[in-house]
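Asks: I would like the atomic coordinates for the input below:
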Amino acid sequence: MKANRKFIEGEEAVSAVIGVILMVAITVAIAATVYVYVSGMIGGTATKTSTISMNVYSRNDATNTTIWLVSGIEGEAISDSAYSAVLLRANGTVDSAANIVFQEVSSAGYVNSGDTFSITSSADGYYTFMLTDTATGQTIYKSTSTKY
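Replies: Got it, this is the predicted structure:
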């Protein structure tokens, strides 16, 4: 032991116990950082709300009727009973007198490409057609303001 001390004459060093404690603390901190990073990348199985894309298929200004054609669905299939459809006036209130009819072409029990929504408003004006997920309340589809 005396031979080793001759190289550090006049200088003080950290004891071996403190050095080991510091190395273990640094290793634990690095391991925790890596764990947090990797667990964020793996993530959970958060469900994403499905979205629908639609286009105006036909419009009849005499009867205030517009037919929306489902052109695509992103995400999980949407059951016929898993959404609510409303027609919103320009001021954001629901037109409760509007007649909304879903016409399914495949009889599959869920909204599919090619299905249509026929909407007849109660009065002339600009309206927004909106579908929401009944379970989560999130918007599945919202049109731009359309003349009815």
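Asks: what is the closest residue to T139 other than its chain neighbours paired to in the beta sheet?
Replies: Leaving aside its chain neighbours, T139 sits nearest to T132 (5.6 Å; criterion: Cβ to Cβ, 6 or more residues apart in numbering). No exception for glycine: its C-beta is placed from N, CA and C like everyone else's. On the basis of DSSP bridges, T132 takes part in beta bridges with S84, T139.
Asks: ok, T132 - contacts?
Replies: Residues near T132 by Cβ atoms under 8 Å, 6 or more residues apart in numbering: Y83, S84, V86, Q138, T139, I140.
Asks: Give me the buried subset of those.
Replies: The neighbour-count test (16 or more other Cβ atoms under 10 Å) marks Y83, V86, I140 as buried among these.
Asks: Out of these, the closest to S107 would be?
Replies: Checking the buried ones among the contacts of T132 against S107 by Cβ to Cβ gives Y83 as the nearest, at 17.4 Å.
Asks: residues near the nearest residue in space to that closest one that is not next to it in sequence, how many?
Replies: Counting by Cβ to Cβ, 6+ apart, Y83 lies nearest to L131, which is 4.9 Å off, once chain neighbours are set aside. L131 has 26 neighbours, counted by other Cβ atoms under 10 Å.
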